[in-house]
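Enquirer: no FASTA, just this:
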């Protein structure tokens with residue numbers, strides 16, 4: 001039973017004993033605190049209190065940016081990769097644009113690999129007139145300058 005169904009029985013018990021009723025969220029907190037989850041046979045029940053259940057506490061969670069950058073100076077680059085399929089042939093267009101200066105570069109590659117991304121980064125770096133402060137990829141991840149130089 002879940003906390004919603006248990007609340008009915010707890011309210012009846014509290015009423016019979018002359019106690020104040022307990023809220024539904026308090027019942028849920030007690031279930032979580034004492035790990036009172038029903039174990040179904042054949043599969044492991046989802047434990048919302050487990051560290052893997054919350055995305056904030058996972059060791060592999062990435063810093064995601066929800067809003068676009070609005071920098072005051074040049075050097076903050078936003079990149080994206082676009083896939084185009086023509087007659088069953090895939091082409092990948094790597095794009096990068098300075099968020100403030102609107103300086104942009106697009107190059108075509110046959111494969112979507114990290115080696116091609118590093119090559120694209122180095123080519124962008126060679127033609128870009130300013131120092132690159134940060135590089136934000138299309139999945140919201142911000143990459144430091146030192147990681148791309150390896």
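Expert: That came in fine, so what should we check first? Because the structure is predicted, anything quoted here is derived from the model rather than measured.
Enquirer: surely residue 127 is in contact with residue 105?
Expert: Yes - Residue 127 lies in contact with residue 105 (C-beta atoms under 8 Å); the separation is 6.5 Å. In short, each C-beta sits where N, CA and C put it, glycine included.
Enquirer: compare those two (neighbour count), which wins?
Expert: Counted by other C-beta atoms under 10 Å, residue 127 and residue 105 do not tie: residue 105 has more neighbours, with 18 against 8.
Enquirer: for that one, give me its contacts.
Expert: 95-97, 123-124, 127-128 (C-beta atoms under 8 Å, 6 or more residues apart in numbering).
Enquirer: tell me the SS of it?
Expert: With DSSP: H, G, I helix; E, B strand; the rest coil as the basis, residue 105 sits in strand.
Enquirer: neighbours of residue 122, how many?
Expert: By other C-beta under 10 Å, neighbour count at residue 122 equals 11.
Enquirer: confirm it sits in a helix?
Expert: Yes - applying three-state DSSP, one finds residue 122 inside a helix.
Enquirer: from residue 104, how far out is it?
Expert: Residue 122 sits 17 Å away from residue 104, taking C-beta to C-beta, to the nearest Å as the criterion.
Enquirer: same check, this time on residue 123
Expert: 13 Å.
Enquirer: domains of the chain?
Expert: Split into domains by automatic domain parsing, the chain comes to 1-61, 76-148.
Enquirer: so where do the strands sit in this protein?
Expert: With DSSP state E applied, the chain shows strands at 76-86, 89-98, 104-109, 134-136, 142-143, listed in chain order.
Enquirer: which of the ones you listed sits closest to residue 32?
Expert: Across the strands of the chain, residue 32 has its closest neighbour in strand 142-143 (33.5 Å, C-beta to C-beta).
Enquirer: contacting residues around residue 71?
Expert: Residue 71 touches 99-100, 133, counting by C-beta under 8 Å, 6+ apart.
Enquirer: if we can go back for a sec, which of the strands of the chain sits most buried?
Expert: Counting by mean count of other C-beta atoms under 10 Å, strand 134-136 has the highest mean neighbour count of those, with a mean of 19.
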